[in-house]
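Need the 3D shape of this:
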Amino acid sequence: MPRMESVRQVVTANGITQAVRVAGPPEGVPLLLIHGNCSSALFWEPLVRRLPATLRVVAPDLRGYGETDTAPVDATRGLRDFADDVAALLDEGSLFPTGARPVVAGHSLGGGVAMQLLVDHPDRVAALLLSAPVSPYGYGGTRDLAGTPTTADFAGTGGGTANQDFVKRLAAGDRGADAPTSPRNVLRATYVADPASLGADEELLLDSVLSTATGDDNYPGTAVASANWPGTAPGRRGVLNALSPAHFRIADDLVAVADKPPVTWIHGDADVIVSDTALMDLAYLGSLGAVPGWPGEVDCPPQPMVGQTRAVLDRYAAAGGSYREVLLPGCGHSPHLERPAEFVAELLALTAGPTA
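Modelled structure (predicted):
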C-alpha cells in the first residue's frame with residue numbers, strides 16, 4: 001500500500017497563523033495528531049510515513065512550536081489555549097473537507113490537549129489515542145490517585161522546575177552533544193528508552209525539539225517563590241505552568257463527558273518523563289537526593305502519574321465509556337518512534353471503528 005509524507009500548509013485560525021502538516025487524500029479517514037512539549041508536528045513524521053494512504057492526516061504545530069506563531073500561553077486556562085487553536089483548525093474546511101469527526105492522537109502534553117478538546121468539543125472527536133499522556137491531574141505536585149495537592153500552592157510545579165541550562169541551550173539552537181542538558185542528549189536520554197530508535201530521523205527530530213519558543217510566555221514560563229519545598233511555585237504564563245495541577249486538572253470533566261468516544265492509552269514501562277518515577281518530577285528527584293532538602297515521603301511523595309491516568313480512565317469506563325490500555329515493555333516516552341508497528345496497529349484499530 002502507498003505510504004505518505006506530509007506537506008506544510010499555513011492556516012489562520014483562532015487569531016494566529018498556524019503551520020499544519022497534511023498528508024493523504026481529502027476524502028480519507030480523518031486523523032488529527034497533536035504533538036507534545038518541546039517538539040512540533042515534525043515529531044510525527046516518522047509515523048506518517050508508516051500510515052496507509054487511506055487516511056487524511058492533519059498535524060498542527062501548537063502555538064510557540066514549529067512554525068506556528070509564538071503566541072503567549074495563558075497558563076491559568078490550563079491547556080485550553082492549545083485546545084482552542086486545534087478546535088479552530090477543525091472549522092477550516094480545507095483540512096478535513098468531509099466534515100467527519102477525526103480520531104485524535106495526542107502525545108505527552110498533546111495527550112492533555114486532546115483530553116481538553118474532548119471535554120470542550122465532544123461532538124468533534126471520534127476516538128482518542130493517548131500516547132504517554134500527561135496525567136489528567138497535571139504534572140507534579142499531587143500525592144495520590146485522586147490528585148490531592150501536596151501543598152496548597154502546588155510547589156515544585158510550573159516554570160521554575162525547568163533545567164535552566166537546557167532552556168539556555170534550547171534558545172541558542174544548540175545541536176551539540178557535549179553536555180547532558182544539550183537538547184540532543186535530552187532527546188536521546190529521555191524521549192526514548194534506546195537512542196538507536198531515533199535512527200536516521202535524529203536530525204529531523206532534533207529540529208523539532210529546537211523549534212520550541214522559549215521565554216516567560218512560552219517554554220518554560222514564569223515562576224513565583226514558595227515557602228514550601230523546593231521554593232518555587234507555578235506562575236500564570238507559559239507552558240510548564242499550563243501543565244501544573246494548579247491550572248490543569250481535567251479528571252472530573254473528562255469523566256463527565258456525555259458522549260464518550262473510545263480511548264486507547266498506549267505507554268511504555270521505561271518512560272522517564274511520564275511515570276510514577278518521573279525524572280522531571282522534583283518530588284521524585286528529591287527522593288533520589290538529586291534536589292536537596294526533600295521533606296520526605298509523607299509530606300512530598302512523587303506523583304503517581306500512571307496510576308492517576310488509570311484511575312481516571314477506570315472512572316471514565318464506569319461512567320459509560322470504554323478504554324484500552326496498551327503497556328509496551330522496554331518502551332520509553334515516544335511509542336510511535338520506539339514501537340511503531342504496535343502503535344500503528346492501535347491507531348488503525350481506532351480509525352476503523354464504528355464512530356470514525
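
What segments of the stretch 1-150 of the chain are strands?
7-13, 16-23, 29-34, 55-60, 103-107, 127-131 (DSSP state E, counting those that start in this stretch).

what mean pLDDT does stretch 254-274 have?
Averaged over stretch 254-274, pLDDT sits at 97.

now the end-to-end length of it.
Length of stretch 254-274, first residue to last, C-alpha to C-alpha, to the nearest Å: 19 Å.

buried set for it?
254-255, 257, 260-268, 270-274 (16 or more other C-beta atoms under 10 Å). To be clear about C-beta, it is placed using only N, CA and C from the backbone, and glycine gets the same treatment.

Number of residues surrounding A88?
A total of 17 residues lie near A88 under the criterion other C-beta atoms under 10 Å.

Now do the same contact list for it.
The contact partners of A88, by C-beta atoms under 8 Å, 6 or more residues apart in numbering, come to 13-14.

Check it and give its pLDDT.
96.

same thing with M305?
On the pLDDT scale, M305 gets 98.

Could you pull out the helices in this structure for me?
45-48, 80-90, 109-120, 164-172, 183-186, 202-210, 239-243, 251-256, 282-287, 305-318, 335-338, 340-351 (DSSP state H).

what's the closest of the ones you listed to T68?
Comparison of those against T68 by C-beta to C-beta identifies helix 80-90 as nearest, at 7.9 Å.

That closest one versus helix 109-120: what angle between them?
70 degrees (axes from the mean of the first three to the mean of the last three C-alpha atoms, to 10 degrees).

For C38, which of the helices of the chain is the nearest?
Closest to C38 of these is helix 202-210 (C-beta to C-beta; 5.3 Å).

which strands and helices sit next to that closest one?
helix 45-48, helix 183-186 (3 or more C-beta pairs under 8 Å, 6 or more residues apart in numbering; DSSP states H and E).

Show me which positions of it end up buried.
Neighbour-count burial for helix 202-210, counted by 16+ other C-beta under 10 Å, picks out 205-210.

now, among these, which is nearest to A100?
Nearest to A100, judged by C-beta to C-beta, of those is S208 at 28.1 Å.

Looks like that closest one contacts L42 (just checking).
Yes - counting by C-beta atoms under 8 Å, S208 does reach L42; the two are 4.2 Å apart.

which residues do the two both contact?
Counting by C-beta under 8 Å, 6+ apart, the residues touching both S208 and L42 are G66.

quick one on the thing from earlier: tell me which of the helices and strands packed on helix 202-210 approaches G221 most closely.
Smallest distance to G221 across those (C-beta to C-beta): 18.0 Å, for helix 183-186.

In the closest one, which residues are buried?
By neighbour count on 16+ other C-beta under 10 Å, the buried set for helix 183-186 is 183-186.

quick one: contacts of it?
So helix 183-186 is contacted by 38, 166, 169-170, 174-177, 179-180, 202, 206, 209-210 (C-beta under 8 Å, 6+ apart).

Go ahead and build a ChimeraX selection from the buried members of these.
The buried residues among these can be selected in ChimeraX (16+ other C-beta under 10 Å) with this line:
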select :38,166,169,170,174,206,209,210
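
Reformat the contacts of helix 183-186 as JSON lines; add pLDDT and distance to T157.
Output for the contacts of helix 183-186, formatted as JSON lines (pLDDT from 0 to 100; distance: C-beta to C-beta, whole Å):
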{"residue": "C38", "pLDDT": "98", "distance to T157": "17"}
{"residue": "F166", "pLDDT": "98", "distance to T157": "17"}
{"residue": "R169", "pLDDT": "98", "distance to T157": "23"}
{"residue": "L170", "pLDDT": "98", "distance to T157": "20"}
{"residue": "D174", "pLDDT": "98", "distance to T157": "26"}
{"residue": "R175", "pLDDT": "98", "distance to T157": "30"}
{"residue": "G176", "pLDDT": "97", "distance to T157": "30"}
{"residue": "A177", "pLDDT": "97", "distance to T157": "30"}
{"residue": "A179", "pLDDT": "97", "distance to T157": "25"}
{"residue": "P180", "pLDDT": "97", "distance to T157": "23"}
{"residue": "E202", "pLDDT": "98", "distance to T157": "30"}
{"residue": "L206", "pLDDT": "98", "distance to T157": "27"}
{"residue": "V209", "pLDDT": "98", "distance to T157": "22"}
{"residue": "L210", "pLDDT": "98", "distance to T157": "25"}
